[in-house]
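**Q** generate a structure from the sequence data that follows.
(2 chains)
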Protein chains: 2
Amino acid sequence: MIGVFDSGFGGLTVLKELLRQLPEYDYLYLGDNARAPYGNRSHDSVKQFAEEGIKYLFGQGCVLIIVACNTASAQVLRELQEEYLRKPNVTDRKILGVIKPIVEEAVNLTKNNTVGVIGTRSTINAKSYEVELHHLNPKLKVCTQSCPLLVPLVEEGWIDKPETRMILKKYLRSIKSCNIDTLLLGCTHYPLLMKEIKKIMGRNIKVPSPGKIVAASLADYLSRHPEIETLLTKKEKRLFNTTDDADRFKSMATRFLGQTVKDVTRVDIGG
Amino acid sequence: MIGVFDSGFGGLTVLKELLRQLPEYDYLYLGDNARAPYGNRSHDSVKQFAEEGIKYLFGQGCVLIIVACNTASAQVLRELQEEYLRKPNVTDRKILGVIKPIVEEAVNLTKNNTVGVIGTRSTINAKSYEVELHHLNPKLKVCTQSCPLLVPLVEEGWIDKPETRMILKKYLRSIKSCNIDTLLLGCTHYPLLMKEIKKIMGRNIKVPSPGKIVAASLADYLSRHPEIETLLTKKEKRLFNTTDDADRFKSMATRFLGQTVKDVTRVDIGG
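**A** Predicted structure coming up:
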């Protein structure tokens, strides 16, 4: 199975594109809703929670895990990857993040070498997007802005509310003044605000869809790694695990995915 | 020591009044910031987290614990109290909540027998305020409204922002139309919005301070229970434990308490 790990619901925007582009595989989505959101938490907490999630997903038979949560990708992905690389007999287990493919796309898209990044406080403070962008192109100018209130607004379903528009405008003001031509959504919740974000930024600013990029990148990865691809089961299974209430997850997931979600199980991954 | 348990920072508004009214005692505050906020979580998660917090505080030598978190008080206080009552040799250990004293004050304050309650989704859904109010006065009319975005807004420090005022107005609209004369703040974060809430509700609506009520109620309790009071140490110690980053806690706690907070330690209470 392909495991998709997220702090809560946000990663479902990534899963949605995976199901569209790579529908043949089996997926197990794990949302750590009992401890979400990760966006304001310390490095140590995010590391502990992500480690528990990864361990759980491998334990359930996942061969490849996508850490859809930007906060976890930004803060601890490299540490987790190195940890698993050190272990013996795990050449058939892979952990992939979402930041690298998004950054590669941004470097291709930008014409004026000026890129904006919005994300949670924790993601922005970790500077992973900046580091990866500069790694590919040291001359790039990067403007970042943390937007801590967007996750609660999206989780409340306040997508079209005037208050959300006002808060978005406030957050995007400094980014707009940077003269960027490409804006990266460094949080899996933000694609749900795509329409409003594009309206505020204007037609000339490219705002690529993180889900689409991650799914395309995975398709590319699997075509280059047949030794991993052959290990993946293909029965079009879609399983959902959450660390909090299964019913609430079911209704939220149905909204995020735009299709009815059935197989939701509450699981305990801590300790 | 007196233990004060909260999901995060909110309970500091209660501690502030405890320190003002009962400064002679030693206090240990525990904020479960790594898993905050509790307001949207399921009963099972809140129960597990609160149980771990209570166990930790008793283990640290607390004799009496105040569950400052409304969500935990509303959802699981009675269960926790009964659990500890069943254990042998625990007559010298007490767990007190915040809802009962606030409800008693409301019943005294209301003249038209119509009371409003605002809180997190979880607190409002648990109906504990309604049950306790009707227990004291079955004729009371109770109007409730969950306000899930207020906690993130307060945690961001967006106290005076126009967006916060707009969101508050939206939440309070149905409560205003109920013709209440008393409004209960069923969440420890809301006192930080007291000024705005009073402005929106108007001069004729009473909005009692939860912290003041809880502190006065504890003073009354201790005067009636000398067998507990004598067990409390009185060296004016103020200790702070958090399950997440100590530095962030220090700066937030300093803002909530209005005085510099020093002794902050990160602790692990789970599992």
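
**Q** next, the buried residues of stretch A:37-49.
**A** Residues of stretch A:37-49 classed as buried: A:37-42, A:45-49 (neighbour count, 16 or more other Cβ atoms under 10 Å in any protein chain shown). C-beta: built from backbone N, CA, C; applies to glycine.

**Q** please see if it touches chain B.
**A** Yes - residues of stretch A:37-49 are located near chain B by Cβ under 8 Å from any Cβ of the partner chain, namely A:40-42, A:44-45.

**Q** could you single out the nearest of the buried residues of stretch A:37-49 to chain B?
**A** residue A:42 (3.5 Å; Cβ to the nearest Cβ).

**Q** tell me the contacts of the closest residue to the closest one other than its chain neighbours?
**A** Among residues not flanking residue A:42 along the chain, residue B:245 sits closest, at 3.5 Å (Cβ to Cβ, 6 or more residues apart in numbering or on different chains). The contact partners of residue B:245, by Cβ atoms under 8 Å, 6 or more residues apart in numbering or on different chains, come to A:41-42, A:44-45, B:33, B:266.

**Q** can you put those residues in JSON lines and add distance to residue B:80?
**A** Formatted as JSON lines, these follow (distance: Cβ to Cβ, whole Å):
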{"residue": "A:41", "distance to residue B:80": "25"}
{"residue": "A:42", "distance to residue B:80": "27"}
{"residue": "A:44", "distance to residue B:80": "28"}
{"residue": "A:45", "distance to residue B:80": "24"}
{"residue": "B:33", "distance to residue B:80": "20"}
{"residue": "B:266", "distance to residue B:80": "24"}
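
**Q** one step back: the residue nearest to residue A:42 and residue A:269, how far apart?
**A** Residue B:245 sits 22 Å away from residue A:269, going by Cβ to Cβ, to the nearest Å.

**Q** and if you look at residue A:150?
**A** Counting by Cβ to Cβ, the gap from residue A:150 to residue A:269 is 26 Å.

**Q** tell me which of those two has more neighbours.
**A** Neighbours were counted for residue A:150 and for residue A:269 using other Cβ atoms under 10 Å in any protein chain shown; residue A:150 has more, 26 against 20.

**Q** now do the contacts for the more buried one.
**A** A:118, A:167-168, A:171, A:187, A:189-190, A:193.

**Q** flag every residue of the stretch 151-271 of chain A that's near chain B.
**A** A:152-153, A:155-156, A:158, A:162-163, A:166-167, A:170, A:243-245, A:248, A:266, A:270-271.

**Q** sitting in helices, which of those residues do you find?
**A** Mapping those onto helices (DSSP state H) picks out A:152-153, A:155, A:162-163, A:166-167, A:170, A:248.

**Q** from those, which two are the most distant?
**A** Spanning the widest gap among those are A:170 and A:248, at 29.5 Å by Cβ to Cβ.

**Q** sorry, back to before: which one of the contacts of residue A:150 is nearest to residue A:97?
**A** residue A:187 (13.5 Å).

**Q** for that closest one, what are its contacts?
**A** A:10, A:39, A:70-71, A:118-120, A:123, A:147, A:150-151.

**Q** and it, how far from residue A:7?
**A** 10 Å.

**Q** now do the shared contacts for those two.
**A** With Cβ under 8 Å, 6+ apart as the test, residue A:187 and residue A:7 both reach A:39, A:71.

**Q** now do the same contact list for the nearest residue to residue A:248 once chain neighbours are set aside.
**A** Leaving aside its chain neighbours, residue A:248 sits nearest to residue B:42 (7.1 Å; criterion: Cβ to Cβ, 6+ apart). Shown in contact with residue B:42 (Cβ under 8 Å, 6+ apart): A:34, A:244-245, A:248.

**Q** phi, psi of residue B:42?
**A** With angles defined as degrees, to the nearest 10, residue B:42 sits at phi -70, psi 160.

**Q** per-residue pLDDT, it?
**A** pLDDT for residue B:42: 92.

**Q** ok, it to residue B:268 distance?
**A** 22 Å.

**Q** sorry, back to before: show me the contacts of residue A:187 that map onto strands.
**A** A:118-119 (DSSP state E).

**Q** now the residue nearest the centre of chain A. Nearest residue, chain neighbours left out?
**A** Geometric centre of chain A, nearest residue: residue A:68, 3.2 Å, by Cα atoms, centre = their mean. Distances taken as Cβ to Cβ, 6+ apart place residue A:11 nearest to residue A:68, at 3.1 Å, with adjacent residues excluded.

**Q** and what of residue A:142?
**A** Nearest to residue A:142 is residue A:130, by Cβ to Cβ, 6+ apart, at 5.0 Å.

**Q** what about the one you found, helix or strand, and which?
**A** helix A:128-136 (DSSP states H and E).

**Q** what mean pLDDT does that helix have?
**A** Mean pLDDT, helix A:128-136: 96.

**Q** for the nearest residue to residue A:64 once chain neighbours are set aside, give me its contacts.
**A** Nearest-residue entry for residue A:64: residue A:94, 4.6 Å, with adjacent residues in sequence omitted and distances by Cβ to Cβ, 6+ apart. Residues in contact with residue A:94 (Cβ under 8 Å, 6+ apart) are A:63-65, A:228.

**Q** let me have the residues you listed in CSV, extended by pLDDT and secondary structure.
**A** As requested, those are exported to CSV (pLDDT from 0 to 100; DSSP: H, G, I helix; E, B strand; the rest coil):
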residue, pLDDT, secondary structure
A:63, 94, coil
A:64, 96, strand
A:65, 97, strand
A:228, 93, helix
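
**Q** what's the most distant pair in the residues you listed?
**A** A:65 and A:228 (11.6 Å).

**Q** what are the boundaries of the strands in chain A?
**A** A:2-6, A:27-31, A:64-67, A:94-96, A:114-119, A:141-146, A:182-186, A:238-242, A:264-266.

**Q** want to throw those into a markdown table with distance to residue A:209?
**A** Below are the strands of chain A laid out as a markdown table (distance: least, Cβ to Cβ, whole Å):
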| stretch | distance to residue A:209 |
| --- | --- |
| strand A:2-6 | 16 |
| strand A:27-31 | 19 |
| strand A:64-67 | 15 |
| strand A:94-96 | 17 |
| strand A:114-119 | 14 |
| strand A:141-146 | 19 |
| strand A:182-186 | 8 |
| strand A:238-242 | 21 |
| strand A:264-266 | 25 |
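
**Q** which one of those lies nearest to residue A:199?
**A** strand A:182-186 (12.5 Å).

**Q** residues contacting the closest residue to residue A:5 other than its chain neighbours?
**A** Once flanking residues are discounted, residue A:5 sits nearest to residue A:53: 4.6 Å by Cβ to Cβ, 6+ apart. When contacts are counted by Cβ under 8 Å, 6+ apart, residue A:53 touches A:5, A:30, A:32, A:72, A:269.

**Q** and which of the residues you listed is nearest chain B?
**A** The closest of the contacts of residue A:53, once distances to chain B are taken by Cβ to the nearest Cβ, is residue A:32, at 10.1 Å.

**Q** before we move on, what's the pLDDT of that closest one?
**A** Looking at residue A:32, the pLDDT reads 97.

**Q** what residues are up against it?
**A** Residue A:32 makes contacts with A:5-8, A:38, A:49, A:52-53, A:242-243, A:269, as judged by Cβ under 8 Å, 6+ apart.

**Q** circling back: out of residue A:65 and residue A:228, which sits in the busier spot?
**A** Neighbour totals were compared for residue A:65 and residue A:228, and residue A:65 leads with 25 against 16 (other Cβ under 10 Å).

**Q** that one reaches residue A:1, doesn't it?
**A** No - using Cβ atoms under 8 Å, residue A:65 is not in contact with residue A:1, being 9.5 Å away.

**Q** list the contacts of the spatially closest residue to residue A:152 that is not a sequence neighbour.
**A** In space, and not counting its chain neighbours, residue A:152 is closest to residue B:152: 4.2 Å by Cβ to Cβ, 6+ apart. Contacts for residue B:152 were tallied using Cβ under 8 Å, 6+ apart; they are A:148-149, A:152, B:37.
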